[in-house]
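Peer 1: requesting a structural model of the entry that follows:
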Amino acid sequence: MADGDMSDFLYPDYAKGLGDPYAMSDMGLAVDRLVAARESGETVVVYGDYDIDGITASGVMIEALEANGITARSYIPDRFEEGYGLNIGALEYLAADGVGLVVTVDCGITSVDEAAWAREHGLDLIITDHHSVPEVLPEAVAVINPKRPGDAYAFKDLAGVGVAFKVACALQARTGMPVAGQEKWWLDLVALGTVCDVVPLVGENRVLAHFGIRVLRQTRRQGVVALAQSAGVRVEEIGSYHLGFVLGPRMNATGRLDHAARSLELVRTGDPRRGAEIAGELEELNRQRRVEQTRIFEAAQEMASLQADSPVMILADESWSHGVVGIVASKLSETFKKPALVGQVLGATIKGSARSVPGFNMVDALRANRDLLLKYGGHYFAAGFTLSAVNLEAFRAGMSRYFMEHAETVRGDSEITVDAGLAGLAGANLEAVGQLAMLEPHGSGNPRPLFELSGIEVESAVGVGATRKHLKFGFRDQEGRRIGGIGFGLAELYADMQPGRRVRALAELNKNEWQGVVSPQLVVRELHDEPV
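Peer 2: Reported below is the predicted structural model:
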């Protein structure tokens, strides 16, 4: 990385780090139509996806429209009744209700038939999306997606909420509303959606997440404050970890088990009492989601053993909720180091989610088998699909064949990359933790640094957690320096760990705070015996 690039990475610049929104294809057309809606007094419907990217994108778009004096309301489809993306039934309902303009966020790029219906019935569409672009684009007033072939926007990996934010900025540049600088208050939602949608946290995404986390630490959103409090997180200390593993799963739980409109209300409400009420509901839904996820994962693991020789796992069962199978597919892919597709059998169809490994583009694989599918779409590593149940075996064969044809590019072993080595514990201190904080926010494309620590021994290893599946470590080096550590899910793997054992540890370095005492801590990934 060049010095200039390193400086830009360590010290993100809001003014210099964001691209011109009008470089995106059709942006001018979209803004023209939105301005016309304001002048005519139209109500605009923001049609969003039911995951956290769609929820936050809906929030940003609605607030940008309202800031410009446009009456806006949300429509989020029911995952279980309507499924992903635009559907003609929803468009019929909106048209009958007198709506003349629908703006999609985080969806719509594959909705060719739905866009044709809207055009035939006088319903204008502005599509904003970031998913992989099909060969044929839907016809609409504007189709905004930086992944469009020939699109001049330099950064291609924005989340759906990032694209929505660019539309908001383009509208602001045209109208002067809100006042320049006030758009930064939307960055809390932009950071939430960007981190949780697991887009690469580099380039413009890093800038958006960096400043978005700053805004989150002083957020005006009563529901977000209440959600953080219910999860035991101090708002002023929120980081990328809390977005991806604490707040995000709770907000996603509504779309997985109930209806995502509740999470949108959470981020939009100005009533602290209502915010606390919704936060409590999300906490319970997330608990239910964890129980269901564990049940499905355990059953899926058993079924996966029957496909041990297949390069691609494709599993389905009628008792597996398609609201949860995406998380299960992710865990299976991590466990077995190969692509996993998991679905729910719904009568004559199967609806599910897919997760991939480095070197295997899941959307390309689905596109190659599109003749067997009723619907598909998504990203390189994550996608959704629907197929007729009678095509399941043919789909398995087709996906495996595609894998074998591209096998030379696949890296399913997910080998751990060590960033630096430390001899003993002299460098594992709070000063180093503070320096590493400059690399935040972490996520896809910018993982937490991994260190290899040698010359240390285990002083203690105790099972912790409700099921004792995590290990709490105590380590010391030859100079007598000590540090604590935690190994998530490692209790079974290192069940025979004894005090005095000399090890080489692969671990992340962070801080631990307990009863007001702050200390450095190792987050252990692997332990290897070291010769005495």
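Peer 1: mind giving me the domain ranges of this structure?
Peer 2: Domain assignment for the chain by automatic domain parsing gives 12-186, 308-409, 420-529.
Peer 1: secondary structure class for Met404?
Peer 2: Look at Met404: counting by DSSP: H, G, I helix; E, B strand; the rest coil, its state is helix.
Peer 1: possible to save the domains of the chain as a markdown table with mean neighbour count?
Peer 2: Backbone N, C-alpha and C define where each C-beta goes, glycine included. Shown next, in a markdown table, are the domains of the chain (neighbours: other CB atoms under 10 Å):
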| stretch | mean neighbour count |
| --- | --- |
| domain 12-186 | 20 |
| domain 308-409 | 19 |
| domain 420-529 | 16 |
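Peer 1: got JSON lines for those, with distance to Val195 and mean pLDDT too?
Peer 2: Listed next are those as JSON lines, based on distance: least, CB to CB, whole Å; pLDDT from 0 to 100:
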{"stretch": "domain 12-186", "distance to Val195": "9", "mean pLDDT": "97"}
{"stretch": "domain 308-409", "distance to Val195": "15", "mean pLDDT": "93"}
{"stretch": "domain 420-529", "distance to Val195": "5", "mean pLDDT": "92"}
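Peer 1: out of these, the one nearest Glu284 is which?
Peer 2: Closest to Glu284 of the domains of the chain, according to CB to CB: domain 308-409, at 15.3 Å.
Peer 1: quick one: that closest one to chain centroid distance?
Peer 2: Offset of domain 308-409 from its chain centre (CA atoms, centre = their mean, to the nearest Å): 19 Å.
Peer 1: pretty sure Ala316 sits against Val342.
Peer 2: Yes: Ala316 lies in contact with Val342 (CB atoms under 8 Å); the separation is 7.1 Å.
Peer 1: for the nearest residue to Phe488 once chain neighbours are set aside, give me its contacts.
Peer 2: Distances taken as CB to CB, 6 or more residues apart in numbering place His470 nearest to Phe488, at 5.2 Å, with adjacent residues excluded. Taking CB atoms under 8 Å, 6 or more residues apart in numbering as the criterion, His470 is in contact with Gly463, Val464, Ile486, Gly487, Phe488, Gly489, Leu490, Ala491.
Peer 1: which stretches in the stretch 201-350 of the chain count as strands?
Peer 2: With strands called from DSSP state E, counting those that start in this stretch, the stretch 201-350 of the chain shows them at 313-317, 340-346, 349-355.
Peer 1: for Gly108, find the nearest of those.
Peer 2: Among the strands of the stretch 201-350 of the chain, strand 349-355 sits nearest to Gly108 (CB to CB), with 19.0 Å.
Peer 1: packing partners of that closest one?
Peer 2: If you count contacts as 3 or more CB pairs under 8 Å, 6 or more residues apart in numbering; DSSP states H and E, strand 349-355 packs onto helix 325-336, strand 340-346, helix 362-368, strand 382-388.
Peer 1: format the ones you listed as a markdown table; extra columns: distance to Arg234.
Peer 2: As requested, those are exported to a markdown table (distance: least, CB to CB, whole Å):
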| stretch | distance to Arg234 |
| --- | --- |
| helix 325-336 | 26 |
| strand 340-346 | 36 |
| helix 362-368 | 37 |
| strand 382-388 | 31 |
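Peer 1: mind checking which of these is nearest Leu285?
Peer 2: helix 325-336 (13.7 Å).
Peer 1: so what touches that closest one?
Peer 2: Residues outside helix 325-336 that contact it (CB under 8 Å, 6+ apart): 289, 293, 296-297, 300-301, 304, 313, 315, 320, 339-344, 352-357, 382, 384, 414.
Peer 1: please apply the same query to stretch 198-210.
Peer 2: Stretch 198-210 is contacted by residues 9, 12-14, 17-19, 130, 155, 157-159, 162, 165, 187, 190-191, 194-195, 240, 244, 381-382, 440-446 when judged by CB under 8 Å, 6+ apart.
Peer 1: same question, stretch 284-296
Peer 2: Residues outside stretch 284-296 that contact it (CB under 8 Å, 6+ apart) are 249-250, 253-254, 256-258, 317, 320-321, 324-325, 327-328, 342.
Peer 1: show the average pLDDT along it.
Peer 2: Stretch 284-296 carries an average pLDDT of 96.
Peer 1: so for Glu277, which of the domains of the chain sits nearest?
Peer 2: Ranking the domains of the chain by proximity to Glu277 (CB to CB) places domain 12-186 first, at 17.7 Å.
Peer 1: who does the nearest residue to Gln307 once chain neighbours are set aside form a beta bridge with?
Peer 2: Of all residues not flanking Gln307 in the chain, Met313 sits nearest, at 5.4 Å (CB to CB, 6+ apart). Met313 has these beta-bridge partners by DSSP bridges: Ala340.
Peer 1: start at 23 instead
Peer 2: Yep, numbering from 23; the last one is Met335 now.
Peer 1: what separates the closest residue in space to Asp499 that isn't next to it in sequence from Ile505, distance-wise?
Peer 2: Spatially, and ignoring its direct neighbours in sequence, Asp499 is nearest to Gly446 (3.7 Å; CB to CB, 6+ apart). Distance of Gly446 to Ile505, computed by CB to CB, to the nearest Å: 10 Å.
Peer 1: name the element Lys188 belongs to?
Peer 2: helix 182-197 (DSSP states H and E).
Peer 1: which elements pack onto that helix?
Peer 2: Taking 3+ CB pairs under 8 Å, 6+ apart as the contact cut, helix 182-197 packs with helix 49-62, helix 74-89, strand 123-127, strand 146-150, strand 164-166, helix 209-218, helix 225-238.
Peer 1: now the ones you listed as CSV including distance to Pro200?
Peer 2: Putting those into CSV (distance: least, CB to CB, whole Å) gives the following:
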stretch, distance to Pro200
helix 49-62, 14
helix 74-89, 4
strand 123-127, 18
strand 146-150, 19
strand 164-166, 21
helix 209-218, 13
helix 225-238, 14
